[in-house]
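1. need a structure here:
(4 chains)
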Protein chains: 2
Amino acid sequence: MTRKIALGSAPLREPREPTIDDAADGNATDGNATDRRPLADRVLAVLDVVAAAGQPMAVKDIAEKLALPKPTAHRLIAMLEERGFLARPIDGRLVTVGPKLRTLALNTLRSSLGQAPSHARLRALSLELGETCNIGVLEGGDVVYLDRVEVENWPLRLEFGVGSRVPLHCTAMGKLFLAFLPELPRRRLLDCLPLPRMAAATLCDPALFRAELDSIAACGHSFDDEEYMPGVFCAAVPIRDGAGRMIAALAVQAPKVRLSRESVAERLPVLHRAASDMARALGLDAAPAEPALSP
Amino acid sequence: MTRKIALGSAPLREPREPTIDDAADGNATDGNATDRRPLADRVLAVLDVVAAAGQPMAVKDIAEKLALPKPTAHRLIAMLEERGFLARPIDGRLVTVGPKLRTLALNTLRSSLGQAPSHARLRALSLELGETCNIGVLEGGDVVYLDRVEVENWPLRLEFGVGSRVPLHCTAMGKLFLAFLPELPRRRLLDCLPLPRMAAATLCDPALFRAELDSIAACGHSFDDEEYMPGVFCAAVPIRDGAGRMIAALAVQAPKVRLSRESVAERLPVLHRAASDMARALGLDAAPAEPALSP
DNA sequence: CTGTTAGTCTCATTCAGCGATACGATTTGT
DNA sequence: ACAAATCGTATCGCTGAATGAGACTAACAG
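-> Just a heads-up that it's a prediction; the model follows:
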């Protein structure tokens, strides 16, 4: 990148005297390891803690729980109180949620209504299959999990929550996206996609990998047969919009003892049905711009 | 304190030309009226706006509404997205509330309703009716219990505590929510909602179920006549905000020997009165927002 | 192909936030 | 009642996180 040619001045930026005081400075400022966490995080954390408490809380406890210095805690809470996000009930010393936060809460639930149908359908699917299911989209070279319903005995609890990203080349969802992408973006992605080995079965050879993609494009679904995590099998089908373009992926994952190439066949129709329901639930059936012309 | 004396007085900094501009600086800094509003306000404002929208929003609109510079808006939203407070639905361009904000919302409401005025009113109601009463909201295709007052001889002790979830199609609260939902989410939810049989009287037929919802919408309250648990009768009425939107449900449940279709009539006014008291006790912020329709 | 619009990047500047310290205000223990 | 402990408030110089103008790129629409 062209690195805009200095605005003339160059690095005038005088480094400070490298004298002994540097050494002193190094760890001095003393124990002043100001670990300054951004304000935003603290604000959100305070709201979280106060709301989760379920009952009025002492400022001290909030400060302790979040490891906030005393004045800082007071300042933050006073600020949130002023804005109406927190409030102090009668006794004046304790802190609870305020009216603004209540309104925000109500609006939040109302807004998340749009996500309820697809989530409900996902849950129904998960119930029917008895396994963990999730929805993902393609975003900048990764698959991002949009929603997820876990079954009780799923071993990998926290690692793949909503919002987490997984690679393209070794996951059922990722390979599915690659297989169904329009020519151009597909090229661009494939050309610079590394195929690092994640597990024994990962497809690391480009030729093999392309063959796999062709086969997926032909049959309309994809598997991850321990290519990402040992012992985990995964199957994915596309969620398409009204014009037939693949917008998202729907996947089921399970320990290999419960799901495998052999046993997955009878579940595929169930998956496909859920996928088309989901398209409707997500409002993808609406008139889609233009029917694709150039391939 | 070592106080790095070295630099002591010297303003090594020496950046801009030390010209007359010092004088000019006095009131100027030019037309550069950088009105820098604190980060915290902006974070809260963004959450407010996104939640109040009721539907996914374009970044541009958020930026406009809050008079935020373009890069700042993107930075803020990206940060909130990373933290899980905001999320982007399928299309990836728009922004909505995220999972973290949803749990914050639930916790907030639980805190609000579990405390002084609301909880007291719920207890009063329970006392007056002599039966177990509870409050719930709709979230993610379930009813979530936010508060509850049990009578002594209630048989189902632990199963339905605060925070537990029950299905929509076979509970008084759930059917009430469905009956009063706005058209679009209602249709999509109904499309996706399985109607599994939970008890002998569960309404499993879609046509019958829709008829039931219509009837509920018409009369303003709902029953669960042994549709979920044998021997348990339940009645629910809506709690509405200032704009008339249903935000929560208030319900009474009892063994059928003590409460039934016949004997419930005289209790309904009591329930409705409690519901409107609770709405008032919720003390919402003054801005319930308008029922945004797309322009 | 060109204009339009939305999103990204860079970077010098600056002020909002910070928290150590100190001091008043309460509550608590005896 | 009086300490003692605890909690809340006020002050203030330092600093780096946040900022936003501007330039650039990507995505589309016509």
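
2. any idea how far the closest residue to A:M229 other than its chain neighbours is from A:A87?
-> The shortest distance from A:M229 to any residue that is not its chain neighbour, by C-beta to C-beta, 6 or more residues apart in numbering or on different chains, is 6.3 Å, and that residue is A:A199. Backbone N, C-alpha and C define where each C-beta goes, glycine included. Counting by C-beta to C-beta, to the nearest Å, the gap from A:A199 to A:A87 is 52 Å.

3. neighbour count winner among these two?
-> A:A87 (19 against 15; other C-beta atoms under 10 Å in any protein chain shown).

4. buried sites along stretch A:75-94?
-> By 16 or more other C-beta atoms under 10 Å in any protein chain shown, the buried positions in stretch A:75-94 come out as A:L76, A:I77, A:M79, A:L80, A:R83, A:G84, A:F85, A:L86, A:A87, A:L94.

5. actually, stretch A:236-248.
-> Applying a neighbour-count criterion of 16+ other C-beta under 10 Å, the buried positions in stretch A:236-248 are A:A236, A:V237, A:P238, A:I239, A:R240, A:D241, A:R245, A:M246, A:I247, A:A248.

6. show me the contact partners of that stretch.
-> A:135-137, A:146, A:171-173, A:175-177, A:180-181, A:220-224, A:249-252, A:268, A:271-272, A:275-276, A:278-279, A:282, A:284-292, B:90-91 (C-beta atoms under 8 Å, 6 or more residues apart in numbering or on different chains).

7. quick one, domains of chain A?
-> For chain A, whose domains are defined here by automatic domain parsing, the residue ranges read A:36-97, A:114-281.

8. now the last one: how far from the chain's centre is it?
-> Which is domain A:114-281. Relative to its chain's centre, domain A:114-281 lies at 15 Å (C-alpha atoms, centre = their mean, to the nearest Å).

9. straight-line length of it, end to end?
-> Terminal residues of domain A:114-281 lie 9 Å apart, using C-alpha to C-alpha, to the nearest Å.

10. repeat that for stretch A:260-278.
-> The distance separating the two terminal residues of stretch A:260-278, taken as C-alpha to C-alpha, comes to 24 Å.

11. returning to that earlier point: out of the contacts of stretch A:236-248, which sit inside helices?
-> A:172-173, A:175-177, A:180, A:268, A:271-272, A:275-276, A:278-279 (DSSP state H).

12. most neighbours out of the residues you listed, which is it?
-> Of these, with other C-beta under 10 Å as the count, A:L176 tops at 31 neighbours.

13. so the closest residue to that residue other than its chain neighbours bridges to which residues?
-> Closest residue to A:L176 apart from its sequence neighbours, by C-beta to C-beta, 6+ apart: A:S222 at 4.3 Å. Beta-bridge pairing for A:S222 (DSSP bridges): A:A236.

14. count the residues that sit near A:S222.
-> Using other C-beta under 10 Å, A:S222 has 27 neighbouring residues.

15. that one contacts A:F177, correct?
-> No - between A:S222 and A:F177 there is no contact, the gap being 9.1 Å when judged by C-beta atoms under 8 Å.

16. how far out from the middle of the chain is the helix or strand A:H74 falls within?
-> Element membership of A:H74, judged by DSSP states H and E, is helix A:70-82. A distance of 31 Å separates the centroid of the chain from that of helix A:70-82, by C-alpha atoms, centre = their mean.

17. next helix or strand past it?
-> Per DSSP H and E, the first helix or strand lying C-terminal to helix A:70-82 is strand A:86-87.

18. now that next one: average pLDDT?
-> Predicted confidence along strand A:86-87 averages 94 (mean pLDDT).

19. which two in the buried residues of stretch A:75-94 are spaced the farthest apart?
-> Between any two of the buried residues of stretch A:75-94, the greatest separation by C-beta to C-beta is 18.1 Å, found for A:R83 and A:L94.

20. quick one on the thing from earlier: show residues contacting the helix holding A:H74.
-> Helix A:70-82 is contacted by residues A:42-43, A:46-47, A:59, A:62-63, A:66, A:68, A:86-88, A:95, A:98, B:40 when judged by C-beta under 8 Å, 6+ apart.

21. quick one: that helix near DNA strand D?
-> Yes - under the criterion of C-beta under 7 Å from any atom of the strand, helix A:70-82 makes contact with DNA strand D via A:K70, A:P71, A:H74, A:A78.

22. just give the nearest non-adjacent residue to A:M173, would you?
-> For A:M173, ignoring the flanking residues on the chain, the nearest one in space by C-beta to C-beta, 6+ apart is A:A249 at 4.1 Å.

23. show me what that neighbour bridges to in the sheet.
-> Counting by DSSP bridges, A:A249 is bridged to A:G136, A:P238.

24. hang on, it packs against A:F177?
-> Yes - shown here, A:A249 and A:F177 form a contact pair, counting by C-beta under 8 Å, at 6.4 Å.

25. intersection of neighbour lists for these two?
-> With C-beta under 8 Å, 6+ apart applied, the overlap between the contact sets of A:A249 and A:F177 consists of A:V143.

26. contacts only, for the residue nearest to A:L176.
-> For A:S222, the set of contacting residues under the criterion of C-beta under 8 Å, 6+ apart consists of A:A172, A:M173, A:K175, A:L176, A:A179, A:I216, A:A235, A:A236.

27. what two of those residues have the greatest distance between them?
-> A:A179 and A:A235 (13.7 Å).

28. so the two - more neighbours on which side?
-> Taking other C-beta under 10 Å, A:A179 and A:A235 do not tie; A:A235 has more neighbours (27 against 22).

29. right, and that one touches A:A172 too?
-> Yes - using C-beta under 8 Å, A:A235 and A:A172 qualify as a contacting pair, with a distance of 5.7 Å.

30. between those two, which contacts overlap?
-> Overlap between the contact sets of A:A235 and A:A172, as judged by C-beta under 8 Å, 6+ apart, is given by A:S222, A:F223, A:D224, A:A251, A:Q253.

31. which of the residues you listed scores worst on pLDDT?
-> Taking pLDDT as the measure, those have their low point at A:Q253 (94).

32. for that residue, give its distance to A:G231.
-> Distance from A:Q253 to A:G231, counting by C-beta to C-beta: 11 Å.

33. looking at these two, which is more packed in?
-> Looking at A:Q253 and A:G231 with other C-beta under 10 Å, you find the greater number of neighbours at A:Q253, namely 26 against 11.

34. now the more buried one: how far from B:P182?
-> Distance, A:Q253 to B:P182, by C-beta to C-beta: 34 Å.

35. what do you get for A:A58?
-> When A:A58 is compared with B:P182 (using C-beta to C-beta), they lie 41 Å apart.

36. contacts only, for the closest residue to A:R258 other than its chain neighbours.
-> The shortest distance from A:R258 to any residue that is not its chain neighbour, by C-beta to C-beta, 6+ apart, is 6.8 Å, and that residue is A:E131. The neighbours of A:E131, taking C-beta under 8 Å, 6+ apart as the test, are A:V151, A:W154, A:V252, A:Q253, A:A254, A:R258, A:L259.
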